[in-house]
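In: requesting a structural model of the entry that follows:
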Amino acid sequence: MENVLPGFPGDAHVATLGNDVASLRRDFLQKLAFELMKFEGLATRNDHYLALSYAVRDRLLERWMRSARTYLEGGHRTVIYLSAEYLLGPQLGNALLNLGVESTAREAMSSLGLSLDALVEQEEDPGLGNGGLGRLAACFMDSLATLRIPAIGHGIRYEFGIFDQVIRDGWQIERTDQWLRLGFPWEVRRTEIEVPVGFGGHTEEVPDGRGGMRKRWIPERIVMGVPSDVPVLGYGVTNTNFLRLWSAAPTDEFDLDAFQVGEYWRAVEEKARSENITKILYPNDSKPAGKQLRLEQEAFFVSCALQDCIRLLLVHRPIRDFAEIYRVQLNDTHPSLAVPELMRLLMDEHELGWDEAWDITTRSVSYTNHTLMPEALESWPLPLFAQLLPRHLEIVYEINARFLDQVRAMRPEDPDLPRRVSLIDERGEKSVRMAYLATVASHAVNGVAALHSRLLRETVLRDFAELWPERFTNVTNGVTPRRFLGLANPRLTSLVTEAIGEGWLGDLDRLSDLERFADDAGFRERWRAVKDANKASFAEWLRVAHGLEFDPTSLVGAQVKRIHEYKRQLLALLHLAWLQRHPEVLESSGTPRTLVMAGKAAPGYARAKLIIKLAHEVGAAIGRDVRIRESLRLVFVPDFNVKTGQHIYPSTDLSLQISTAGLEASGTGNMKFALSGALTIGTLDGANVEIREAVGAENFFLFGLTTHEIDTMRRSGWSPRSVLDEDPELAAILDDLAGSRFSPGEPGLFAPIVESLVSSDPFFVLADFRAYVDCQERATAASRDRDAWTRSSILNTARCGRFSSDRSIREYAERIWKAAPVDLPRIG
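Out: So this is what the prediction gives:
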């Protein structure tokens, strides 16, 4: 064991840490003194946060040691989750909840004159992810541990996150996300582990020692991978998995010879070049250098992960047992290089033949697709791939040749099929199709909502689904109720627990027990009181954190997600522009309204940045309009992240899930809002379809074109101008956008948005506009009956238990990974 877990004693030598007030208080003070070298009078709030976090982390590590030893020595099947991002959210509150010591920690801190809430709020949101993909990965890690399934999540320890969003004069400004600046106490740096990763160079044939030849890769440069581990404790269990995040380091930190002759930059050039690989999440890849860095990142972390898996495997098992012990899950296309890398390791490093290596690879690997949008189905230019990963390209060529031979044999009547499914796209600049590579090598391919999985089979991967229908399945996404109910909405959590008893955060199907309370007038009143209190708290947080204000008695709608044209923030803004033209509608409804918007635009996505600017100008125009400014407000919350979301989800009445039908793979924000009792206004897109089926059509505000109707319109050559011809009011609103009404200081600023809508409207904003306006008015009218609205709110929560990430992971474990839970005795 010493080679695997150096410095870690066995369980018998570790004293159990107490979870009582006195123990936690004592450990907090010791961490403050001996870990941070601080005492009262000098200690800051961040010092207090760090000291408590270190004390709590020790309790996680105690459980991790028992878990890791049991999993390793028992040879239990382990899920290897490969994801380019993990949007973890702050860890302290979540760890206290899963340990079951939140009240203990609160009392311990209070006895020292400290506020636990202030310490929890102090924590920086870890900058390891961008949006739904990374948040899903974090939810899955939580659920894997909760369901007692051994798992290791592998990713990149980005030194700087996606970016901090600052709004200046309505424009998004990107600032470096220095999330590590004040410390990240949840990680353990594993400096004793270094994994070499090669780039560039050439390959050659060498004798294999058995009378044959084998390939050997001679890389041009080597980068070392060094891991940092973050423990992930399950809820109410001892089982603790971990996230292994890789940092890039040079083989030589410092060139002393260069320094001695005055070439100071050259002395550290290799260090800077190597460390750039893990410097920032998603570098802008619009330039060749950025594209190369993205490919280096993906190759780096999958190589580190797979080499690390093999290192651990060989402690007790032979290399041929890889597929028995590990199930490698690709979270979207970013980790697809795991396929040729695993083949390379098995053949070149461990001298297995092609057939045996391919059998191990295909039994191990499965692939989750998260998008139907062509630009998100990664492909890499062939020259770049060849330059950076020459051995991997040889393996891809061989996989492709064998696969296409199989295709020709299976479908001789379709001579064009090999071109359509080839891993190499021969059109224009040749490229490697990574989604196709992942599909060919995986024993299971899944979409993330029923509609998405059907469209995946019918569109982007149709040919593959016809070749291997048994390979395709659906696993609808889910969210962890621990963070998005237990942590984000403690008032509602307490009310639910009072109604249906303890334990439901680990068994969300039990939410159905709430249904019988929907017709209880007293319970409905208490439910409304929780929502009102959450709105008041959100209003106070907005004022203190951002200097923003809104009416907590208003009907709060929210659209918080990445800014993208297909998510149709534009549709929500056009509705507000329509309302400004109709103050009588606001006056007659008697219901003040607030739209909360939040989200980041990719730095290179100019149109999305312009939409953010438009949102601020629409909000400003409303604020200037004395007729409506007391009854309508737009609040744009900057720098949206998990932490911000935890303030917004519990405070929302109406969840805007209004993407173009057929383009959102699943969505998980829709689930977070529904679990906190928000009603949804949305299209039949992604998981909206399943949410509507679950909560009942009468508790969901549906509008918009269906995927079938959109496909029909596209094929018929539909023109958005026909909508404007029939709707002169909408045409007038667009004239306002194109002119100076919303940009008085810069007429024509938003003309590019209008030109796109009028000329092509690729996301059917104009086509769905009138249906959306009508649906919004239906929702507002429904909200006036507070009793009926509250009943629907309760039923939304009660009927959304299926959208727990625990259910998702259970399906993966049973149908794809064949991974069984491992029981461990409780600690404490």
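In: correct me if wrong: residue 664 contacts residue 682.
Out: No. The pair residue 664 / residue 682 is not scored as a contact, 9.5 Å apart, by Cβ atoms under 8 Å. C-beta coordinates here come from the backbone N, C-alpha and C atoms, glycine included.
In: which parts of stretch 766-778 are buried?
Out: Using 16 or more other Cβ atoms under 10 Å as the test for burial, stretch 766-778 gives 766-770, 772-773, 775-776.
In: right, I mislabeled it, should have said stretch 567-584
Out: So, applying 16+ other Cβ under 10 Å, buried residues of stretch 567-584: 567-580.
In: now the common contact residues for residue 664 and residue 682.
Out: 657, 688 (Cβ atoms under 8 Å, 6 or more residues apart in numbering).
In: quick one: the helices in the stretch 551-700 of the chain?
Out: 569-581, 583-589, 606-624, 642-648, 669-675, 688-695 (DSSP state H, counting those that start in this stretch).
In: can you tell which of the ones you listed is closest to residue 472?
Out: helix 688-695 (17.8 Å; Cβ to Cβ).
In: give the other helices and strands that the helix or strand hosting residue 58 contacts.
Out: Using DSSP states H and E, residue 58 maps to helix 45-74. Counting contacts by 3 or more Cβ pairs under 8 Å, 6 or more residues apart in numbering; DSSP states H and E, helix 45-74 is packed against helix 21-30, helix 92-99, helix 102-110, helix 116-122, strand 221-233, strand 240-250.
In: pLDDT of the next helix or strand after the fourth one, averaged?
Out: Downstream of helix 116-122, the next assigned helix or strand under DSSP H and E is helix 132-146. Averaged across helix 132-146, pLDDT comes to 96.
In: circling back: residue 46 is nearest to which of the helices of the stretch 551-700 of the chain?
Out: Nearest to residue 46 among those is helix 642-648; the distance by Cβ to Cβ comes to 15.4 Å.
In: hmm, back to that, format the helices and strands packed on helix 45-74 as a markdown table; extra columns: mean pLDDT, distance to residue 478 and mean neighbour count.
Out: A markdown table is the format used below for the helices and strands packed on helix 45-74 (pLDDT from 0 to 100; distance: least, Cβ to Cβ, whole Å; neighbours: other Cβ atoms under 10 Å):
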| stretch | mean pLDDT | distance to residue 478 | mean neighbour count |
| --- | --- | --- | --- |
| helix 21-30 | 97 | 32 | 18 |
| helix 92-99 | 98 | 17 | 23 |
| helix 102-110 | 98 | 23 | 18 |
| helix 116-122 | 97 | 24 | 18 |
| strand 221-233 | 97 | 16 | 22 |
| strand 240-250 | 97 | 17 | 24 |
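In: redo the ones you listed as CSV? Include distance to residue 45.
Out: Shown next, in CSV, are the helices and strands packed on helix 45-74 (distance: least, Cβ to Cβ, whole Å):
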stretch, distance to residue 45
helix 21-30, 14
helix 92-99, 13
helix 102-110, 11
helix 116-122, 5
strand 221-233, 23
strand 240-250, 26
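In: quick one, which of those gets closest to residue 746.
Out: helix 116-122 (37.8 Å).
In: which residues touch the closest residue to residue 353 other than its chain neighbours?
Out: Setting aside the residues directly before and after it, residue 353 is nearest to residue 347 in space (Cβ to Cβ, 6 or more residues apart in numbering), at 7.4 Å. Residue 347 is in contact with 214-215, 353-354, 357, counting by Cβ under 8 Å, 6+ apart.
In: would you map the helices across the stretch 301-450 of the chain?
Out: 322-325, 338-344, 354-364, 382-388, 390-410, 417-421, 434-441, 450-458.
In: nearest residue to the middle of the protein?
Out: The centre of the chain sits closest to residue 134, judged by Cα atoms, centre = their mean, with a distance of 2.2 Å.
In: any idea how far that residue lies from residue 125?
Out: Using Cβ to Cβ, to the nearest Å, residue 134 is found at 11 Å from residue 125.
In: what does residue 224 give?
Out: 28 Å.
In: please list all residues in contact with residue 794.
Out: Neighbouring residues of residue 794 by Cβ under 8 Å, 6+ apart: 514-515, 517-518, 523-524, 527, 677.
In: give me the nearest residue to residue 503, chain neighbours excluded.
Out: residue 510 (7.2 Å).
In: what's the burial count for that neighbour?
Out: The local packing of residue 510 (other Cβ atoms under 10 Å) involves 17 other residues.
In: that one contacts residue 804, doesn't it?
Out: No. Judged on Cβ under 8 Å, residue 510 makes no contact with residue 804 at a distance of 10.5 Å.
In: mind listing the helices for the stretch 151-300 of the chain?
Out: 256-260, 264-275, 288-313.
In: most packed of those?
Out: helix 288-313 (a mean of 21; mean count of other Cβ atoms under 10 Å).
In: can you read off the pLDDT for the residue nearest to residue 436 when sequence neighbours are not counted?
Out: In this structure, residue 436 finds its nearest non-sequential neighbour in residue 423, 5.1 Å apart by Cβ to Cβ, 6+ apart. Residue 423 is assigned 98 on the pLDDT scale.
In: mind listing what residue 423 touches?
Out: 396, 399-400, 403, 432-433, 436-437, 440.
In: farthest-separated two in these?
Out: Spatial extent of the contacts of residue 423 (Cβ to Cβ) is set by the pair 403 and 432 at 13.3 Å.
In: what about those two, which has more around it?
Out: The neighbour count for residue 403 versus residue 432, taken as other Cβ under 10 Å, is higher for residue 432 (27 against 19).
In: for the more buried one, give the beta-bridge partners.
Out: Beta-bridge partners for residue 432, by DSSP bridges, are residue 380, residue 424.
In: give me the pLDDT for it.
Out: On the pLDDT scale, residue 432 is placed at 97.
In: check residue 266 too.
Out: pLDDT, residue 266: 67.
In: next, count neighbours for residue 181.
Out: Residue 181 sits with 11 neighbouring residues when counted by other Cβ under 10 Å.
In: how close does it get to residue 370?
Out: In terms of Cβ to Cβ, residue 181 sits 31 Å off from residue 370.
In: ditto for residue 124
Out: Relative to residue 370, and taking Cβ to Cβ, residue 124 is found at 26 Å.
In: ok, residue 323 next?
Out: 25 Å.
In: so for those two, which residue has more residues nearby?
Out: residue 370 (21 against 17).
In: can you tell me which residues contact the closest residue to that one other than its chain neighbours?
Out: In this structure, residue 370 finds its nearest non-sequential neighbour in residue 332, 4.5 Å apart by Cβ to Cβ, 6+ apart. Counting by Cβ under 8 Å, 6+ apart, residue 332 touches 83-84, 133, 368-371.
In: recalculate using a threshold of 7 Å.
Out: Going by Cβ atoms under 7 Å, 6 or more residues apart in numbering, residue 332 touches 133, 368-370.
In: next, count neighbours for residue 315.
Out: The burial count for residue 315: 12, using other Cβ under 10 Å.
In: same question but for residue 20, I mixed them up
Out: Around residue 20 there are 13 residues (other Cβ under 10 Å).
In: related to what we said a few turns ago, now the buried residues of stretch 766-778 as TSV including secondary structure?
Out: Putting the buried residues of stretch 766-778 into TSV (DSSP: H, G, I helix; E, B strand; the rest coil) gives the following:
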residue	secondary structure
766	helix
767	helix
768	helix
769	helix
770	helix
772	helix
773	helix
775	helix
776	helix
